[in-house]
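**Student:** Give the three-dimensional model of this entry:
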Amino acid sequence: MGMLARRKYLLLLLALITMVIWSSFAHRLLIGPAVTEVLMTAVLIVVFLVVFTRRRERNLALAVVVMAIAVKWSRYIFPPQEGSTLQPTIFHGLVAVFLAFAVYVILRNIFAEKNVTADEVLGTVCGYFIAAALCSHVYAVVELAAPGSFAFAPALAKQAASWDGRVAIFNYFSFVTLTTVGYGDVTPVHGPATALAALEVVFGQFYIAIVVAQLVSVQLALAMTPKDDGKS
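**Tutor:** Here you go, the predicted structure:
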């Protein structure tokens, strides 16, 4: 247990990377969507267990993530009507709230940290991945509420025809937007999608600049602190 506690962010990062890679092609597999739902549920649980350590925060995060998972799996008990977007909209909205809370807690912990370990550095990377996932779910809510908010390149048109395919595209679009790569094959064409994409770009730049500056300042402070050699 001690080893797992010291490597908690490494485990979370591996789970996040697995989710990103799997979701990129799972929509093309027969059992892909079902496996994706199991994997997403597992990732949400891992995020909860790793990120939230304070009792009050754990209780709040648990309430949100349980509701999200319940909505996600409720469609197998109460299949939605043809064309209904209520269940996926609620699910993506709840997950976005949960992930936003996780990013806040990670950033707060970074700025409260007095020592920088390898796992804490991985925690900042996890925060970056979670921020991208957060924006992906926000884009999903926007597309559900206002279909046609995004335009897809012809090469992605077939993939965008299915909802699972669009979710994979939003994951991809979120990462290239957060990193300001912007290949142009997915384009927000209407508000609020255009404004949200711009805000994600700004957040991505400030995240890297501020977090790296914080880590460097902590390391410099440790280096300049006189070491106690045990002599009186």
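
**Student:** which intervals of this structure have sub-threshold pLDDT?
**Tutor:** For the chain, applying pLDDT under 70 flags the ranges 1-5, 222-223, 226-232.

**Student:** Could you point out the longest helix of it?
**Tutor:** helix 193-224 (DSSP state H).

**Student:** what's the distance between that helix and the middle of its chain?
**Tutor:** The chain centre lies 16 Å from the centre of helix 193-224; the measure is CA atoms, centre = their mean, to the nearest Å.

**Student:** What are the boundaries of the strands in the protein?
**Tutor:** Using DSSP state E, the strands found in the chain span residues 150-152, 186-188.

**Student:** For the last one, which helices and strands make contact with it?
**Tutor:** Using 3 or more CB pairs under 8 Å, 6 or more residues apart in numbering; DSSP states H and E as the contact test, the elements touching strand 186-188 are strand 150-152, helix 163-178, helix 193-224. Any C-beta I mention is one placed from the backbone N, CA and C, and that applies to glycine too.

**Student:** Tabulate those in JSON lines, adding columns for distance to S136 and mean neighbour count.
**Tutor:** As requested, these are exported to JSON lines (distance: least, CB to CB, whole Å; neighbours: other CB atoms under 10 Å):
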{"stretch": "strand 150-152", "distance to S136": "12", "mean neighbour count": "18"}
{"stretch": "helix 163-178", "distance to S136": "4", "mean neighbour count": "22"}
{"stretch": "helix 193-224", "distance to S136": "10", "mean neighbour count": "14"}
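
**Student:** quick one: which of those is nearest N115?
**Tutor:** helix 193-224 (6.7 Å; CB to CB).

**Student:** From A133, how far off is Y139?
**Tutor:** 11 Å (CB to CB, to the nearest Å).

**Student:** who touches both of those two?
**Tutor:** Common contact partners of Y139 and A133 (CB atoms under 8 Å, 6 or more residues apart in numbering): S174.

**Student:** At which residues are the helices of this structure located?
**Tutor:** With helices called from DSSP H, the chain shows them at 2-6, 8-25, 32-51, 55-74, 86-112, 118-145, 154-160, 163-178, 193-224.

**Student:** out of these, which comes closest to P80?
**Tutor:** Among those, helix 86-112 sits nearest to P80 (CB to CB), with 5.1 Å.

**Student:** Remind me what that closest one packs against, helices and strands.
**Tutor:** Under the contact criterion of 3+ CB pairs under 8 Å, 6+ apart, helix 86-112 touches helix 32-51, helix 55-74, helix 118-145, helix 193-224.
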